[in-house]
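Asks: curious how this folds, go ahead:
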Amino acid sequence: MGQGIGGEYAGTQLAFIPAQHTDWKTWRELHPETLVISPGLYGRDPYEGYYRSASQGVIGRPGGGIDRDGDLHPKEYVVGVRLNGAAKAYPFSVLSREPVVNDQVGDIPVAVLFDRDTASGNVYARQLADGTVLTLEAGSAARTVVDVETQSEWDTLTGQAVSGELEGTQLELVPVTYAFWFGWIDYHPDSELYDGS
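Replies: Predicted coordinates:
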């Protein structure tokens, strides 16, 4: 939650900053100067079994948390968005079928853009400085979308228009949380869940 829970800063809210979830190859394409502190720490993923199990949390509690009538497997990955007091989760399984989502979280119009091959997901505010709210659709090339309003083409990982009337315009990246469903819903019990409908 990014909030102080005791001491001098109890109740103080830290500012969330945008982060990106993608694979190493894609990250290196975008940021070739990146340094890695300790690659291949284990040589294998020590959490592989944990990802598949229904156990939840650090101690692997079987179940627990908020009862949401089995709406999602507890280990379903979600992109969680929290804006102006509203919270909404977008499951990776739904985004894999619907990689461009024009939606609204609270009163903020957002676009959730997902790349199935790399499990890369970004969320952008889709309202421009002049008040125009864009509607985005899948583009003809990988990692691109096109807005209905001007037919400008946008890069899904950078949020920048790469051609068309809006070329050079930058969409604002929205801070998100990548989490297992059980972790998100435990901290955001009133969260909406995007189900693709």
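Asks: switch to C-alpha atoms for all contacts and neighbour counts from now on
Replies: Will do.
Asks: just the element for the nearest residue to Pro175 once chain neighbours are set aside, please.
Replies: Among residues not flanking Pro175 along the chain, Pro18 sits closest, at 3.9 Å (Cα to Cα, 6 or more residues apart in numbering). With secondary structure defined by DSSP states H and E, Pro18 is part of neither a helix nor a strand.
Asks: ok, the spatially most central residue of the chain - contacts?
Replies: For the chain, Val79 is the residue whose C-alpha lies nearest the centre (Cα atoms, centre = their mean; 3.6 Å). Neighbouring residues of Val79 by Cα atoms under 8 Å, 6 or more residues apart in numbering: 89-92, 121, 176-179.
Asks: ok, 7 Å please
Replies: By Cα atoms under 7 Å, 6 or more residues apart in numbering, Val79 lies in contact with 89-91, 176-179.
Asks: for stretch 20-37, measure first residue to last.
Replies: With Cα to Cα, to the nearest Å as the measure, stretch 20-37 spans 18 Å from end to end.
Asks: what's the mean pLDDT across stretch 118-137?
Replies: Mean pLDDT, stretch 118-137: 93.
Asks: turn the contacts of Val79 into CSV, including pLDDT, secondary structure and neighbour count.
Replies: Shown next, in CSV, are those (pLDDT from 0 to 100; DSSP: H, G, I helix; E, B strand; the rest coil; neighbours: other Cα atoms under 10 Å):
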residue, pLDDT, secondary structure, neighbour count
Ala89, 96, strand, 25
Tyr90, 96, strand, 22
Pro91, 95, strand, 22
Val176, 92, strand, 23
Thr177, 90, strand, 18
Tyr178, 90, strand, 20
Ala179, 90, strand, 17
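Asks: which of these sits closest to Ile5?
Replies: Checking the contacts of Val79 against Ile5 with Cα to Cα, the nearest one is Thr177 at 19.6 Å.
Asks: what sits against that closest one?
Replies: Contact analysis of Thr177 by Cα under 7 Å, 6+ apart lists 79-81.
Asks: swap in Tyr77?
Replies: Contact analysis of Tyr77 by Cα under 7 Å, 6+ apart lists 91-92, 179-181.
Asks: what's the closest of those residues to Arg52?
Replies: Checking the contacts of Tyr77 against Arg52 by Cα to Cα gives Phe180 as the nearest, at 11.5 Å.
Asks: what about Ala111, neighbour count?
Replies: Neighbours of Ala111 under the rule other Cα atoms under 10 Å: 27.
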